[in-house]
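Trainee: Following is a predicted model, sequence given first.
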2 protein chains.
Amino acid sequence: MTDELLERPKRGAKADPGRMADAIRFLAMDAIERVGEGHQGVPLGMAEIATALYRDHLRFDPAEPLWPDRDRVVLSNGHGSMLLYALLYLTGNAKIGIDQIETFRELGSHCAGHPEFDQEAGIEVTTGPLGQGIANAVGMAVAEARMAADFGPDLVDHRVWAFVGDGCLQEGIGQEAISLAGHLGLGKLTFLWDDNRITDDGATDLAISEDVPARFRAANWQVIEVDGHDIDAVSAALAAVREEPRPALLACRTVIGKGIPRLEGRRGGHSARLFREDTDAARAALGWEHPAFTVPDDLLTAWRATGDPGAAARAEWLDRLDAHPAAGEFRRRIAGGRAADWQAPLDTWRTRAADIALEQPTIASSGDVCDALAATVPEMVVACADLEAPTNHKRGRRAFTAADRSGSYLHCGVREHLMGAMVNGMAAHGGVAPVSVTYLAFSDYERPAMRMAALMGLPSIFVFSHDSIGLGRNGPTHQPVEILAAFRAMPNMLTFRPADAVETAEAWEIALDRREGPALLALSKQPLPALRRGAGENLSRRGAYVLAEAEGTRSATILATGSEVSVAMAAREMLARRGVSVAVVSMPCWELFEQQDAAYRRSVLGDAPRVGVEAAMRFGWDRWIGAEGTFVGMTGFGASASAETLFAHFGITAEAIAAAVDGRGGNPRAAIPADP
Amino acid sequence: MTDELLERPKRGAKADPGRMADAIRFLAMDAIERVGEGHQGVPLGMAEIATALYRDHLRFDPAEPLWPDRDRVVLSNGHGSMLLYALLYLTGNAKIGIDQIETFRELGSHCAGHPEFDQEAGIEVTTGPLGQGIANAVGMAVAEARMAADFGPDLVDHRVWAFVGDGCLQEGIGQEAISLAGHLGLGKLTFLWDDNRITDDGATDLAISEDVPARFRAANWQVIEVDGHDIDAVSAALAAVREEPRPALLACRTVIGKGIPRLEGRRGGHSARLFREDTDAARAALGWEHPAFTVPDDLLTAWRATGDPGAAARAEWLDRLDAHPAAGEFRRRIAGGRAADWQAPLDTWRTRAADIALEQPTIASSGDVCDALAATVPEMVVACADLEAPTNHKRGRRAFTAADRSGSYLHCGVREHLMGAMVNGMAAHGGVAPVSVTYLAFSDYERPAMRMAALMGLPSIFVFSHDSIGLGRNGPTHQPVEILAAFRAMPNMLTFRPADAVETAEAWEIALDRREGPALLALSKQPLPALRRGAGENLSRRGAYVLAEAEGTRSATILATGSEVSVAMAAREMLARRGVSVAVVSMPCWELFEQQDAAYRRSVLGDAPRVGVEAAMRFGWDRWIGAEGTFVGMTGFGASASAETLFAHFGITAEAIAAAVDGRGGNPRAAIPADP
């Protein structure tokens, strides 16, 4: 295909390619000047690089931005959003008309300050927080390879191109991406590095002096250094990377702010405010005589023609798809739907777990569920950050490696942040159902990526083990006490803390059903007894439910989650022996419970005094127990000892709950301890 | 000093150094076997490396673990905690007796699952989450260089040694540490890499194939490759790194689990459970005939002697300190106290701000305060992650660079996570008052380090700008809505959101006064009007206070923080015109308010209905307004538009607050939006 690309006439060949690049420049400058803010550095510095990519290499059809076999373009330096918007307008994306460019950074515009996930608009992922985009790109390249292994190159044969600045490469997540992409030999992944030697603070040598190409070479990348303003040189380099089995870095030497005399090569080229004098000066310097937001017809025609080969390729691809024996399965996976009977093994497992009163760690139940679903959810890919044994989700899966793309288990190494962003990249790519697994304490490392999943509304699934002091002797570094609250506060993130095997299976069912956003499962290291008997309705869908009603009038309602639900049940029994009748409510997912109607919520919460129980900080619990309510939980960080010892030490016991129901205690309000 | 060290007789020279290393091995093995869990990989694999370091190079005096000019030792691979505990016991730390080794991982033992910050016990920092330790070490090396610039090598001339495993180097934060340490030329920093080619999942080549030494060389490190079980070779390499101006990686080829035949070089060497048969087999293999937890006298004597040169060096150092003209200032800084009149410029600034009703972004006020304190808090070091201009805290400071160690501003590059951990390392080192500055949205990148600050109780200060939708057009990636809640949930982290210039100065005063833990300041990009007049008591110390009492009986109490306090004041005025009398309470720090006595809290909160106002999610607010209370704030992520437009769009306005007081609105409860 490369030869064909090189030999055929350049797309839009009649137009001067330098003028095509300038069209990007002026759309960006005019939009930024109009609104009074933005980042001109990227669109002005990378205009030729983008022109070379789109003119000669990018596989895309502007008429169908959702074409599954399109190349993916990620603007990892998302602050340079006008580069992407200009390209989308110039190539004819239906959602990005000139009116959108003219309303850059205004409420409701598709051209927001940073690119916001909208694949119909040609925005593959939301970017802005640096490093996320290139890590997403690694995930996309994995998804491509995984899909190609299942469906063959006739249906899946595309590349991933990421625009990237110095900031993305300084971020730890960017470094993780370099390391793992090289290890996995993701040959269809190319980073286009805007090597302009300027960041927000000024010269890059304020903060970095490493040999960036050498760093990539150390991680088994192909590196090509090129003048980023020489379109033909860039195009030739892009052709060369296609020949390579390794991922490639195109180190493009560029001049930031190129085109605006006052700012070229200077710190202000990054995002200094543009004034009319700047755009006037640029027009004079570049001989651009067209009014603001106006691209002359010949250039627009040339740009629109860049999509022609892709349109033709898509037509051929559609024929191949129609003729493909697995067309139905391919379409299902791309649409993000599940196979018709996908839940059957889950239901079987859940029924059996209830029947035999399965007592085991909820992380083990999660592994069981994943394993059981391997046949009916073949699109699932499980990523893990070097904790295979203690999380145990590999089971029957083979590793996805440089040599074997058919595996569905990703050894991510100790790189949680990359893992989270790769999961997002896989989810955004489509065709796979990505899951990440590590300890809950390390969710903090993954959190910036998890926030992006919530913001984009991607169906990423984040599984965590070791969810509380119940992990025991590894101590407070590993014991979450504030992390559940931190995720419950995050919009659009479903936070599950299942109480037993059945609730774990229910959480999985909901997470795999969900299309509009991510879910996380906080699971136990320690075994938890079976609480739910019989496999009826998925009660976790309601977020909270009465697990055990009071016998007679409720004296109190005990609300608990996860491992503390069984402690609450023990308290209930203890109280019953004393003639005190209480209900126990399990609350596996607060967000879903909040969405129930008021009548249901009232019926669950009841009118009796409430006691909240969770081996975590009280923060957030006042929603359910009131500001004056009693809470049995943690008031600070944990400690290193056996789980049994810790639950007793921190007073999270049936006795303490019973005493709290009696009004004789529970922990005091969460406060800053004198000695953490 | 190096020559002297090499020429003098080896410390403990009469003992066989291999047996000294074995003493580490058996203490570790016996402790791990006894409790039934732990990580033998590090102590067994790094025993010879540690022996070489302590025997021939480490500058330390076991009799005074707090000696300011001691070398710092960081166990970044903290799961190998028994290596450190064994060394502390063998060298005679007073807090680590054999009873502590024997209670490894039991509640209350100094020998916790992972090392927990206790410098008297010889534990320089808490480690466990991978990569944190080496990033702390970078901060320590910066603090050493900074202190040396101020006080000269007579008082400050020590090194930082970090034990490090593959995991630390895979983590992004570790990669950030490599990059910046090389850039800053931190020649006194040495990483001792346990290159055992095994991680928790098995062979490292499951997840990494990069050339690690080449990666370090690309970042301007000296790299020495050595057999990690050859004590003399390691010692010679350690001597060589002392001659170099660059930081050094000692790549030590080791055998994981060395000494236990069943586990040597195998995955199980990392942390497979040890049984009596394993320790018996190790005893047989190594010819170790001593009972569990027993080190023969000759070896213990040899180990204890390793501290002798340090004890002598400390005696000489104390003489130099006594004779030093800046002895008093040195002692003050090391003790972590402030100069007697340190607040004077702060008070002056605060008074003036109140007098002139200073209206500006609170991030600008923070910069003003930092600048004003440069003279009286010379120990302050400000680190920033490539946002110098928009956060503006450099001002009169010079950069700390490879060439100039007297600067107090650290250009960290786009490496937030490293920055946070460096701040912790500086705080743990002592002698400097470290501050980090970036945008609040990027606190997610820094969060794992911030948690460590809270857990250790370090006086790290974390300053953030761009704290809400008030940042405007950069859009939802940059607009925190859940982040305040996420930090309020974290134990021992004081979370400030000041409403104006005076509250910003107050927050700074409290943060700089605090010794027992970190503080964060969430500050605005947009200008905020002056609300506090006259510079009396630091009202922020009480966490919340009545900013404007109702005229007459309160109809309602409006509770607000930060930029929304002025919106609440506008609502109060609007209501007053309608004859409705409300109080406005400013709540800059929930945690401090929680610590006030109940009577004060009641007096502030009042009995009237309450309305909470914050440009953030409701999560956590029920504590103050009740589960049924009215909240005016966000219900999901933000958007890209001007700040004015956004506050109107999301209904965070005086009109909305007034309507909420009237019972006619406010936002519905926080719920998962259908379309994020």
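Mentor: Great, that's in hand. Note that the structure is predicted; figures quoted are calculated from it, not measured. Numbering: from 1, shown residues only, chains lettered A, B, ... in the order given.
Trainee: Report the contact partners of A:Arg497.
Mentor: Going by C-beta atoms under 8 Å, 6 or more residues apart in numbering or on different chains, A:Arg497 touches A:467, A:484, A:521-522, A:561-562, A:588-589, A:614. C-beta coordinates here come from the backbone N, C-alpha and C atoms, glycine included.
Trainee: er, A:Ala505 I mean
Mentor: By C-beta under 8 Å, 6+ apart, the neighbours of A:Ala505 are A:346, A:349-350, A:353, A:365, A:369.
Trainee: Just the mean pLDDT for the helix or strand where it lies, thanks.
Mentor: Per DSSP states H and E: A:Ala505 is located in helix A:501-513. Averaging pLDDT along helix A:501-513 gives 98.
Trainee: just stretch A:250-257 next, same as before
Mentor: For stretch A:250-257, the mean pLDDT works out to 97.
Trainee: Return the member of the contacts of A:Arg497 nearest to B:Leu358.
Mentor: For the contacts of A:Arg497, the minimum distance to B:Leu358 (C-beta to C-beta) is 40.2 Å, reached by A:Leu484.
Trainee: Got the phi and psi for that closest one?
Mentor: When quoted as degrees, to the nearest 10, the phi and psi of A:Leu484 stand at phi -60, psi -50.
Trainee: Would you mind measuring the gap between the ends of stretch A:260-268?
Mentor: Using C-alpha to C-alpha, to the nearest Å, the end-to-end distance of stretch A:260-268 comes to 10 Å.
Trainee: which residues touch that stretch?
Mentor: Contacts of stretch A:260-268 (C-beta under 8 Å, 6+ apart): A:29, A:40, A:44, A:196, A:198, A:200-203, A:255-258, A:269, A:272, A:274, A:278-279, A:281-282, A:285.
Trainee: Got a PyMOL select line for the buried ones in those residues?
Mentor: Selection of buried members from the contacts of stretch A:260-268 for PyMOL, criterion 16 or more other C-beta atoms under 10 Å in any protein chain shown:
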select buried, chain A and resi 29+40+44+196+198+200+201+202+255+256+257+258+269+272+274+278+279+281+282
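Trainee: so of the contacts of stretch A:260-268, which ones are in strands?
Mentor: Using DSSP state E, the members of these that fall within strands are A:198, A:202-203.
Trainee: A:Met569: what's it in contact with?
Mentor: Shown in contact with A:Met569 (C-beta under 8 Å, 6+ apart): A:531, A:547-548, A:584.
Trainee: Scan those and report the most crowded one.
Mentor: When neighbours are counted by other C-beta atoms under 10 Å in any protein chain shown, A:Val584 leads those with 27 neighbours.
Trainee: Now that one, what are its backbone angles?
Mentor: phi -120, psi 130.
Trainee: How about the contacts made by it?
Mentor: With contact set as C-beta under 8 Å, 6+ apart, A:Val584 has these partners: A:546-548, A:557-558, A:560, A:565, A:568-569, A:572.
Trainee: Equivalent analysis for A:Leu455, please.
Mentor: A:117, A:126, A:492, B:476-477, B:637, B:676.
Trainee: Kindly recompute the last result at 6 Å.
Mentor: Going by C-beta atoms under 6 Å, 6 or more residues apart in numbering or on different chains, A:Leu455 touches A:126, B:476, B:637.
Trainee: How many residues are close by the residue of the stretch 151-300 of chain A found nearest chain B?
Mentor: Relative to chain B, the nearest point of the stretch 151-300 of chain A is A:Gly172 (2.1 Å; C-beta to the nearest C-beta). Neighbourhood size, A:Gly172 [other C-beta under 10 Å]: 28.
Trainee: for the nearest residue to it once chain neighbours are set aside, phi and psi?
Mentor: In this structure, A:Gly172 finds its nearest non-sequential neighbour in B:Gly172, 2.1 Å apart by C-beta to C-beta, 6 or more residues apart in numbering or on different chains. B:Gly172 adopts backbone torsions of phi -60, psi -40, taken as degrees, to the nearest 10.
Trainee: For the closest residue in space to A:Ala428 that isn't next to it in sequence, give its distance to chain B.
Mentor: Counting by C-beta to C-beta, 6+ apart, A:Ala428 lies nearest to A:Val125, which is 4.9 Å off, once chain neighbours are set aside. For A:Val125, the distance to chain B equals 11 Å [C-beta to the nearest C-beta, to the nearest Å].
Trainee: ditto for A:Glu644
Mentor: Noted for A:Glu644: a distance of 10 Å to chain B, by C-beta to the nearest C-beta.
Trainee: On the three-state scheme, that residue is what?
Mentor: Counting by DSSP: H, G, I helix; E, B strand; the rest coil, the backbone at A:Glu644 sits in helix.
Trainee: Count the residues that sit near it.
Mentor: A:Glu644: 12 surrounding residues under other C-beta under 10 Å.
Trainee: pLDDT score for it?
Mentor: If you check A:Glu644, the pLDDT there is 98.
Trainee: From A:Gln526, how far out is it?
Mentor: 9 Å (C-beta to C-beta, to the nearest Å).
Trainee: same question, A:Gly536
Mentor: 27 Å.
Trainee: Same question for A:Thr362.
Mentor: 9 Å.
Trainee: higher neighbour count, those two?
Mentor: Neighbours around A:Thr362 and A:Gln526, counted as other C-beta under 10 Å, are more numerous at A:Thr362. The numbers are 29 against 20.
Trainee: Spatially nearest residue to the more buried one (excluding sequence neighbours)?
Mentor: Excluding its sequence neighbours, the residue lying closest to A:Thr362 (C-beta to C-beta, 6+ apart) is A:Leu523, at 4.0 Å.
Trainee: do A:Ala548 as well
Mentor: Per C-beta to C-beta, 6+ apart, closest to A:Ala548 is A:Val584, 4.5 Å.
Trainee: quick one: that neighbour and chain B, what's the gap?
Mentor: In terms of C-beta to the nearest C-beta, A:Val584 sits 20 Å off from chain B.
Trainee: so what's that residue bridging to?
Mentor: Beta-bridge pairing for A:Val584 (DSSP bridges): A:Ala548, A:Ile558.
Trainee: picking that back up, so which of the contacts of A:Val584 is surrounded by the most neighbours?
Mentor: Counting by other C-beta under 10 Å, top hit in the contacts of A:Val584: A:Ile558 with 34 neighbours.
Trainee: For that one, give me its contacts.
Mentor: A:Ile558 is in contact with A:568, A:582, A:584, A:611, counting by C-beta under 6 Å, 6+ apart.
Trainee: Please name the residues that touch the residue nearest to A:Thr362.
Mentor: A:Leu523 makes contacts with A:362-363, A:366, A:465, A:467, as judged by C-beta under 6 Å, 6+ apart.
Trainee: Counting only helices, which of those make the cut?
Mentor: Counting by DSSP state H, the part of those found in helices is A:362-363, A:366.
Trainee: Specify which member of these is nearest to A:Leu186.
Mentor: A:Leu186 lies nearest to A:Ser366 out of the ones in helices among the contacts of A:Leu523, by C-beta to C-beta, at 28.0 Å.
Trainee: Quick check: that closest one vs chain B, distance?
Mentor: 18 Å.
Trainee: next one: A:Glu124
Mentor: Distance, A:Glu124 to chain B, using C-beta to the nearest C-beta: 15 Å.
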